[in-house]
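> the following block contains a protein sequence and its predicted model.
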Amino acid sequence: YHIFTSPDQLDSTKTYDYIIVGGGTAGSVLAARLSEDERNQVLVIEAGGRVEDVLAIRIPFLGPTLPRSQVDWNYTTIPQTGLGNRIINIPRGFVLGGSSCINQMVFHRPSNGSWDHWADLVDDPSLSWEAVQKYWLRNSRLVDPVDGHDTSEEVILSAHGFGPVNVSVYSYTKPIHKSIIETSKKAVDEKFKFNHDQNAGSNLGWGWQQAAIGGGQRSCASTAYLSPLTNTRSNLDILINTQAAKLLPIPKTSNNLTPDLRIVEIAQNSTAPPICITARKEVILSAGFIGSPKILTLSGIGPEKELKRLGIPLLLESPDVGANLQDHILLPLYFTVVNGTDTNDELSRNATLRQEAIDQWIANRTGPMVNGQSNTVAYLRVGDDHFSSAGVKEDPSNGAGSAHIEILALDGFSRVSTIPAPPTGQFLTLIASLVAPLSSGNITFNSTDPFAYPLINPNFLTHKFDQAAIVQAMKDILEFVQLSPLNSLVTGIYGSIADAKTDAELLEYAREYSGSINHGSRTARMGPYGKKGKGWGVVDPSYRVKGVKGLRVVDASVFPQMPNVHTQASVYILAERAADIILGGQK
Ligand SMILES: Cc1cc2nc3c(=O)[nH]c(=O)nc-3n(C[C@H](O)[C@H](O)[C@H](O)COP(=O)(O)OP(=O)(O)OC[C@H]3O[C@@H](n4cnc5c(N)ncnc54)[C@H](O)[C@@H]3O)c2cc1C
């Protein structure tokens with residue numbers, strides 16, 4: 001493909017069949033797949049720069065250094081009433097490959113029942129587990145960890161595919177994680193049972209964590225889908241460092257009143273003169289759960305009241321644009337472990353050790369830098385009484401095989417909260433996450449400047465169910481660390497959580513220390529064909545924006561309901577499916 005850094009480098013006589021706005025996780029998949037047919041001329045417009053320019057993207061252990069760096073959009077929420085009015089960081093990848101290049105690489109597809117539930121919600125069987133299986137297989141593949149250890153007890157090879165994203169389990173497994181898995185294998189309580197492969201249909205129980213890492217390097221949308229095409233695909237152009245501001249309708253040539261939104265207005269900053277490019281076939285928005293509703297709104301597609309307030313002429317009333325925002329919260333609980341246990345604490349504290357590890361990684365892609373931060377993970381359900389006591393009639397998850405809460409195990413004191421890392425000692429961090437939240441908010445805007453930041457309000461921890469579920473997650477963690485053999489490694493609880501005895505005190509701790517695990521979604525939700533208006537979604541099951549022509553949205557904003565796992569694999573699967581639908585339509 002050709003890469004351009006400024007719009008004036010584009011050949012002004014060249015035209016494109018497809019314009020993809022946002023070269024992130026979904027956008028990179030679409031760019032690679034749509035350009036497989038050499039008759040298609042494809043243009044990607046990406047706000048950020050190139051992955052190759054940032055070493056920390058490639059080194060898995062350095063993942064946590066990427067948020068708040070130059071490859072992050074650096075968004076924040078408005079004050080969150082459920083979290084003591086704190087403002088929460090919302091990182092998003094500002095780079096070709098998007099958030100897949102700055103995320104923590106955990107790689108989980110939702111359970112089999114989740115997909116079937118989504119298919120029911122949007123009334124389209126082509127979203128069922130069985131129907132999307134081919135997209136899972138097409139997207140990722142299991143590779144050996146760099147230490148070459150036998151993984152047959154850790155994953156089920158036959159559940160995995162042959163796609164470009166490399167996925168592996170941890171190398172050089174640490175004693176804490178061995179102990180966690182041993183504990184789960186011995187646990188009497190079903191909820192803590194060992195799961196041989198959390199990507200094989202059921203996510204529930206403890207398992208060895210799978211991460212988008214191969215050959216010791218992060219495998220993201222950019223390196224997996226685009227890098228292999230660097231010297232091929234003359235029909236793919238990628239324009240970086242450039243933002244799409246809004247979409248404009250093609251001037252009408254007939255009495256057809258449906259707006260045809262194939263003109264993209266782009267600019268490099270708010271003072272640069274905007275340039276318009278027209279797609280012959282379609283524009284696809286893949287600008288993420290913040291970028292896509294923003295572009296729709298600035299183009300006059302959104303809730304009428306909101307557009308009026310902003311003074312944007314209404315093109316199409318679409319009440320769900322920017323609505324239904326949900327995210328998963330993250331809450332770390334810290335434990336001291338037996339003195340001298342081999343954890344990552346020294347690596348995190350000692351700059352010389354870290355540099356040596358980076359040098360080793362650069363020399364031969366081995367050593368501690370080849371791993372992400374977590375290594376074992378559990379997905380759990382809460383009891384049905386949690387629904388009724390919160391006044392909830394339906395199970396908030398995607399069904400009986402899906403989780404409400406997650407526990408991520410990190411060896412060492414993880415720097416994911418405002419609690420300062422202690423200068424000495426060895427730690428285990430167990431992060432509680434709510435993966436089936438009912439708290440829901442929105443994205444709104446207070447400016448028509450495409451470069452202005454929106455108001456992001458996930459309304460974290462405002463729903464009664466979420467409050468009960470996070471307390472349950474904390475109790476589950478406190479129960480698990482007392483089980484054998486893990487209880488012989490864990491020596492105590494660290495921090496003020498040790499004093500929390502009642503549910504109310506546990507909830508207070510959660511309000512004080514929760515942040516986002518960065519799974520924002522649903523701001524241009526998918527709904528069934530034919531149904532329009534509030535609650536029926538922004539796009540149909542073929543990702544077409546309802547009520548206009550020439551425009552689809554393909555990214556995390558279209559999830560019909562939150563995945564009850566980490567979100568990237570769902571984005572990849574939905575993007576592979578979108579490419580298939582688009583290419584199928586042109587045959
Ligand atoms: C710090 C962090 C940690 C995470 N950890 C995990 C994890 O461990 N496991 C997991 O499964 N998921 C994780 N996630 C979530 C997951 O990465 C995202 O859900 C997924 O990557 C979203 O994909 P997307 O295509 O919707 O958006 P993105 O990948 O964010 O892509 C959107 C792209 O559009 C570009 N863009 C936006 N606006 C414009 C515009 N106006 N013009 C041009 N370009 C634009 C952006 O720069 C970006 O490249 C994490 C996310 C973050 C940020």
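Perfect, I can see it now. Numbering: from 1, shown residues only.
> quick one: name the residues of the stretch 51-200 of the chain near the ligand.
67, 91-94, 98-100, 102-106 (C-beta under 6 Å from any ligand atom). The C-beta positions use only the backbone N, C-alpha and C, and glycine is treated the same way.
> go again using 8 Å as the cut-off
63, 66-67, 72-73, 90-108 (C-beta under 8 Å from any ligand atom).
> can you pull the contacts of residue 66?
Counting by C-beta atoms under 8 Å, 6 or more residues apart in numbering, residue 66 touches 54, 56-57, 72, 91, 101-102.
> out of the residues of the stretch 51-200 of the chain next to the ligand, list just those in strands.
residue 90 (DSSP state E).
> surely residue 72 touches residue 94?
Yes - look at residue 72 against residue 94 with C-beta atoms under 8 Å: they come within range, at 5.8 Å.
> before we move on, what SS does residue 254 have?
coil (DSSP: H, G, I helix; E, B strand; the rest coil).
> can you tell me how far it sits from the ligand?
Residue 254 sits 30 Å away from the ligand, going by C-beta to the nearest ligand atom, to the nearest Å.
> and residue 323, by the same measure?
For residue 323, the distance to the ligand - C-beta to the nearest ligand atom - is 17 Å.
> skip the chain neighbours and tell me the closest residue to that residue.
residue 442 (5.1 Å; C-beta to C-beta, 6 or more residues apart in numbering).
> looking at this, that neighbour is in a strand?
Yes - checked against three-state DSSP, residue 442 lies within a strand.
> for it, give me its contacts.
Going by C-beta under 8 Å, 6+ apart, residue 442 touches 322-325, 457, 523.
> rerun that using 10 Å as the cut-off
Contacts here follow C-beta atoms under 10 Å, 6 or more residues apart in numbering; on that basis residue 442 touches 293, 303, 306, 320-325, 454-459, 523.
> that one bridge partners, please.
residue 457 (DSSP bridges).
> for residue 583, see how far away it is.
34 Å (C-beta to C-beta, to the nearest Å).
> with residue 142 instead?
Residue 142 sits 26 Å away from residue 583, going by C-beta to C-beta.
> who's more crowded, these two?
Shown here are residue 142 and residue 583; by other C-beta atoms under 10 Å, residue 142 has more neighbours (22 against 14).
> which residues touch the residue lying closest to the more buried one once chain neighbours are set aside?
Residue nearest to residue 142 in three dimensions, not counting chain neighbours: residue 160, with 4.0 Å by C-beta to C-beta, 6+ apart. Residue 160 sits next to 136-137, 140-143, 167, 197, 199-200, 210 when contact means C-beta under 10 Å, 6+ apart.
> can you count the residues close to the nearest residue to residue 54 once chain neighbours are set aside?
Using C-beta to C-beta, 6+ apart and skipping the chain neighbours, the partner closest in space to residue 54 is residue 71 (5.6 Å). Residue 71 sits with 27 neighbouring residues when counted by other C-beta under 10 Å.
> residue 98 now?
34.
> can you check residue 270 too?
12.
> which non-adjacent residue is nearest it?
residue 451 (4.4 Å).
> what's the burial count for the residue in the stretch 401-550 of the chain positioned nearest to the ligand?
When scored by C-beta to the nearest ligand atom, the stretch 401-550 of the chain has residue 518 as its residue closest to the ligand, at 3.4 Å. For residue 518, the count of nearby residues is 20 (other C-beta under 10 Å).
> touching, residue 246 and residue 287? I think so.
No - counting by C-beta atoms under 10 Å, residue 246 does not reach residue 287; the two are 11.4 Å apart.
> find the residues that touch each one of those two.
294-296.
> of those, which are in range of the ligand?
294-295.
> what about the helices in the chain?
Here the chain has its helices, by DSSP state H, at 25-34, 55-58, 112-122, 129-139, 175-186, 221, 288-298, 304-310, 345-349, 351-364, 385-389, 464-480, 503-513, 568-586.
> of residue 246 and residue 287, which one has the most company?
Neighbour count, other C-beta under 10 Å: between residue 246 and residue 287, residue 287 has more, with 30 against 21.
> what parts of the stretch 401-550 of the chain come near the ligand?
Contact residues, the stretch 401-550 of the chain versus the ligand (C-beta under 8 Å from any ligand atom): 450, 517-521.
> CSV for the residues you listed, including pLDDT and distance to residue 544?
What follows is those, written out as CSV (pLDDT from 0 to 100; distance: C-beta to C-beta, whole Å):
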residue, pLDDT, distance to residue 544
450, 96, 23
517, 97, 30
518, 98, 28
519, 98, 25
520, 98, 23
521, 98, 19
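> relative to the ligand, how far out is residue 173?
For residue 173 relative to the ligand (C-beta to the nearest ligand atom), the value is 19 Å.
> can you name the residues that contact the residue lying closest to that residue once chain neighbours are set aside?
Excluding the flanking residues, the one nearest residue 173 by C-beta to C-beta, 6+ apart is residue 375, at 6.9 Å. Counting by C-beta under 10 Å, 6+ apart, residue 375 makes contact with 169-174, 176-178, 180-181, 208-209, 211, 344, 408-411.
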